[in-house]
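J.: Just a sequence and a predicted model for now, questions to come.
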Amino acid sequence: MTANKSTYAPAIFLIPNLLGDTPVDNSLPSLVSNTVATLSFFLVENEKEARKLIKLLAPNLQIRDLSIREIPKDSDAKVIDELITPLETGHSIGIISDAGCPGIADPGSDVVSRAHARGFRVMPLVGPCSMTLALMASGLNGQSWRFTGYLPIEADKRAKELRALEQRALTNGETQIFMETPYRNEKLFKEILNCCQSTTRLCVARDLTTEREYIRTKTIKDWRLENVALDKSPCLFLLGR
């Protein structure tokens, strides 16, 4: 199936992006490319990154003929209604984030919510999601888990939050997933080793889907014996028992 607007009612298409420097065929099925090739309207996290993906997936599209608009932060219903005006005239819209799936730790959910409220179709397309990929490969509990996102920047608050996440993981068996800005990965990793109990298990998942992919799960005790270089790469941390 492709998003042929002459055949199907207009819809919001959630278009996944690559997680890093990797061949398209490794992460995105042909349906994603086929759908992008039919669209003229896009709402995106970052216009430059979206243009790169569109050129990669649909090289025959003339970028200058497309409407590519960034999704503003903290948009109200009036602003979003203006953004999704093309739906009212029979044109589908693609939502693209900088990496992974729109609406999951990335912009797009407010637009999707408004589309539902207005009665328009919403169609998620298959693609990579760093949280689920890391969880799949971690060996930690995949039945009950929580994505926390970024931890507090202040050292004391971050340490307190780490201990709370660990306690939740140990008490309820709920896997705790969180992340950090790449250039602070090393610092956060060291703080995890300092704050958490030696028997708690930690998974480090870096550069998912790329040639540099690194995924390891060990106890905090064993991690303390390792010399790990996380560089300045996208990385997820998962705590469990």
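T.: Thanks, I have the structure now.

J.: Where do the helices of the chain begin and end?
T.: 24-27, 30-36, 47-57, 77-83, 85-88, 109-118, 130-138, 155-172, 185-195, 220-223 (DSSP state H).

J.: which residues touch the third one?
T.: If I follow you right, that is helix 47-57. Identification of contacts with helix 47-57 by Cβ atoms under 8 Å, 6 or more residues apart in numbering yields 15, 17-18, 24, 28, 32-33, 36-37, 42, 44, 61, 63, 66, 68-70, 96, 98. For glycine as for every other residue, the C-beta is placed from the backbone atoms N, C-alpha and C.

J.: Please indicate which of these are buried?
T.: Neighbour-count burial (16 or more other Cβ atoms under 10 Å) applied to the contacts of helix 47-57 gives 15, 17-18, 28, 32-33, 36, 42, 44, 61, 66, 68, 96, 98.

J.: any idea how far the residue most central in space within the chain is from residue 193?
T.: The C-alpha lying nearest the average C-alpha coordinate of the chain belongs to residue 100 (Cα atoms, centre = their mean; 4.0 Å). Applying Cβ to Cβ, to the nearest Å, the value for residue 100 to residue 193 is 27 Å.

J.: okay, now the domains of this protein?
T.: 11-124, 130-240 (automatic domain parsing).

J.: With mean pLDDT as extra columns, can I get those domains in JSON lines?
T.: Compiled in JSON lines, those are given as follows (pLDDT from 0 to 100):
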{"stretch": "domain 11-124", "mean pLDDT": "95"}
{"stretch": "domain 130-240", "mean pLDDT": "96"}
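
J.: Pull out the buried residues from stretch 126-145.
T.: In terms of neighbour count (16+ other Cβ under 10 Å), stretch 126-145 has its buried residues at 127-135, 137-138, 140-141, 145.
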